[in-house]
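Q: Return a 3D structure for these sequence lines:
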Amino acid sequence: MYDTIVIKSSEIDMETKDKILMFCNKYEGIDLTTGDILYSFTRGELEGSYDYRIRIMVDNMEYVREETITPVKVPTYWHIKVECSLHKLMMNHNCYGGSRDIKKSIAYLVRFLENAMNVKLPVYYLWEVIQIDVAKAFKFKDKQICKRIMSNLKNSYYSRRKPMIFDSSVMFSGSTTTTKFYWKGPEFEKHDYKRMNKYIAREVDISYSEEYGDLKRSKLVFVKMHYDKVLEKAYRIIRYECSIKNRKLKELFNTERVLVYMLNDGTLENCSNVELRKVIKEDESMNIVRRSDLVLERLKKLYDTSLANSLYSTWCQIVQFGEEKTRNEMSRATFYRHKKILIECGVSWMCSVVNLKPLSIVPLDFSFLNDIYVDDIVDQEVLKKLSEVA
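A: So this is what the prediction gives:
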């Protein structure tokens with residue numbers, strides 16, 4: 001699925017530039033009269049990945065790296081830069097059901113902007129792509145499983161990147177990509193669900209003074225029921241997200257300017273999966289074991305007693321204290337050698353417990369590296385909107 005994207009248009013004429021500036025100054029906040037879509041146009045910064053707004057910046061300057069250490073700003077043609085969540089634009093939430101076709105998604109966004117602002121924009125396939133967020137939603141039968149997985153992910157390790165740990169998310173930020181895991185339920189409830197409830201409450205109050213207020217309130221009840229269901233499902237979803245930045249995009253497509261027509265869904269998904277493997281150290285070619293007794297059984301089957309016990313001890317430390325602390329407590333050479341062996345023999349420390357009494361509630365066949373628990377079904381509403389630009 002695709003979420004947040006940053007794109008830059010080719011040259012726009014002065015008339016279009018003036019129309020867009022007037023529009024952005026005029027429309028701010030929420031424009032939701034039908035209950036189908038929520039958006040606003042702003043020239044300010046997006047607050048975060050949960051922000052539902054579309055950011056539009058009109059400019060005739062750009063940063064160029066010359067002989068200086070830092071980029072310098074130089075004059076260029078008039079253009080617009082757009083940042084928004086493709087997922088939220090089409091569904092009003094980004095929990096599940098998002099598009100898996102990047103080119104059609106961008107085409108839909110450009111057409112949406114043209115209709116909303118009543119302007120003619122440059123053809124979508126010649127827009128420059130600056131950032132794309134690729135995501136996967138892992139769905140489980142119980143929210144306690146998500147809570148357990150997130151607790152374990154806080155011990156994750158990405159070489160040379162310091163984790164940013166929050167209540168329900170873990171992020172590893174870099175100059176080329178940023179990887180993030182988060183429990184979708186708490187984030188959706190705090191931001192989008194809260195915003196929807198405010199909107200519904202305000203519209204219900206207004207409806208009492210309108211002629212067809214009863215009908216409007218009935219529609220709002222169905223909107224509320226819909227988002228209650230979304231919230232329930234969101235609490236059973238762990239979302240993995242890889243933000244592919246401009247530098248990485250240039251590397252992937254071997255060009256100095258990545259244009260929409262150059263994009264390839266397979267290349268973007270593969271990049272996201274490569275980044276995922278840098279956090280989740282598991283060998284996909286073997287059946288993964290993570291339960292304490294099964295781990296010891298496999299190690300003893302493959303190695304002599306002395307090495308098996310030593311490997312098991314290292315595994316226990318990683319499970320309890322995480323990779324970084326374990327690495328600091330023992331010889332680095334031994335740590336990396338043991339970790340390599342554990343991965344090669346299909347032993348995982350993700351969502352594991354050392355003590356067999358409180359067995360992990362996480363399914364034994366779960367892995368971030370397979371698609372058993374991935375919810376990759378594209379919502380029918382999204383398919384309908386994409387078909388309009390086919």
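Q: all strands of this protein, in order?
A: Counting by DSSP state E, the chain has strands at residues 2-8, 41-42, 54-64, 72-85, 128-139, 163-165, 169-173, 177-183, 237-244.
Q: who wins for proximity to residue 384 among these?
A: strand 2-8 (16.9 Å; CB to CB). Bear in mind the C-beta positions are built from the backbone N, C-alpha and C, glycine included.
Q: and the closest one, what other elements does it pack with?
A: Using 3 or more CB pairs under 8 Å, 6 or more residues apart in numbering; DSSP states H and E as the contact test, the elements touching strand 2-8 are strand 72-85, helix 86-91, helix 102-117, strand 128-139.
Q: Serialize the strands of the chain to a markdown table and add fields for mean neighbour count and mean pLDDT.
A: Shown next, in a markdown table, are the strands of the chain (neighbours: other CB atoms under 10 Å; pLDDT from 0 to 100):
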| stretch | mean neighbour count | mean pLDDT |
| --- | --- | --- |
| strand 2-8 | 21 | 96 |
| strand 41-42 | 18 | 54 |
| strand 54-64 | 15 | 85 |
| strand 72-85 | 16 | 90 |
| strand 128-139 | 21 | 97 |
| strand 163-165 | 15 | 91 |
| strand 169-173 | 19 | 94 |
| strand 177-183 | 22 | 96 |
| strand 237-244 | 23 | 97 |
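Q: could these be laid out in CSV, adding distance to residue 198?
A: Listed next are the strands of the chain as CSV, based on distance: least, CB to CB, whole Å:
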stretch, distance to residue 198
strand 2-8, 23
strand 41-42, 18
strand 54-64, 20
strand 72-85, 19
strand 128-139, 26
strand 163-165, 29
strand 169-173, 23
strand 177-183, 23
strand 237-244, 23
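Q: Which residues are in contact with residue 287?
A: residue 346 (CB atoms under 8 Å, 6 or more residues apart in numbering).
Q: got the domain boundaries for the protein?
A: 2-187+233-280+373-387, 282-367 (automatic domain parsing).
Q: and those domains as TSV, adding distance to residue 224?
A: What follows is the domains of the chain, written out as TSV (distance: least, CB to CB, whole Å):
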stretch	distance to residue 224
domain 2-187+233-280+373-387	10
domain 282-367	31
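Q: and of the helices and strands packed on strand 2-8, who's closest to residue 381?
A: Comparing the helices and strands packed on strand 2-8 by CB to CB, helix 86-91 comes nearest, at 6.5 Å.
Q: and residue 276, what does it touch?
A: Residues in contact with residue 276 (CB under 8 Å, 6+ apart) are 179, 240, 242, 368, 369.
Q: how about the closest residue to residue 364 other than its chain neighbours, phi and psi?
A: Leaving aside its chain neighbours, residue 364 sits nearest to residue 291 (6.7 Å; criterion: CB to CB, 6 or more residues apart in numbering). Main-chain dihedrals, residue 291, degrees, to the nearest 10: phi -80, psi 140.
Q: So residue 291 sits against residue 365, correct?
A: No - with contact defined as CB atoms under 8 Å, residue 291 does not count as touching residue 365 (11.7 Å).
Q: more neighbours, these two?
A: Set residue 291 next to residue 365 and count neighbours by other CB atoms under 10 Å: residue 291 wins out with 16 against 10.
Q: Check the more buried one and give its pLDDT.
A: Note for residue 291: predicted pLDDT of 84.
Q: With residue 162 instead?
A: 88.
Q: For it, what are phi and psi?
A: Dihedral angles (degrees, to the nearest 10) for residue 162: phi -90, psi 130.
Q: distance of the residue lying closest to it once chain neighbours are set aside from residue 249?
A: Excluding the flanking residues, the one nearest residue 162 by CB to CB, 6+ apart is residue 172, at 7.8 Å. Relative to residue 249, residue 172 is positioned 18 Å away (CB to CB, to the nearest Å).
Q: For stretch 233-251, measure first residue to last.
A: Start-to-end span of stretch 233-251 (CA to CA, to the nearest Å) is 37 Å.
Q: just the CA coordinates of stretch 96-110, formatted as CSV?
A: What follows is stretch 96-110, C-alpha atoms only, in CSV (Å, rounded to 0.1, in the frame of the first residue of the first chain):
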residue,chain,number,x,y,z
TYR,A,96,-6.1,-0.9,5.5
GLY,A,97,-7.4,-1.2,2.0
GLY,A,98,-5.0,1.3,0.3
SER,A,99,-3.9,1.4,-3.3
ARG,A,100,-1.0,-0.8,-4.6
ASP,A,101,-0.7,1.1,-7.9
ILE,A,102,1.5,4.1,-7.5
LYS,A,103,1.1,5.6,-11.0
LYS,A,104,-2.7,5.5,-10.9
SER,A,105,-2.7,6.9,-7.3
ILE,A,106,-0.7,9.9,-8.4
ALA,A,107,-2.9,10.4,-11.4
TYR,A,108,-5.9,10.4,-9.1
LEU,A,109,-4.3,12.9,-6.8
VAL,A,110,-3.4,15.3,-9.7
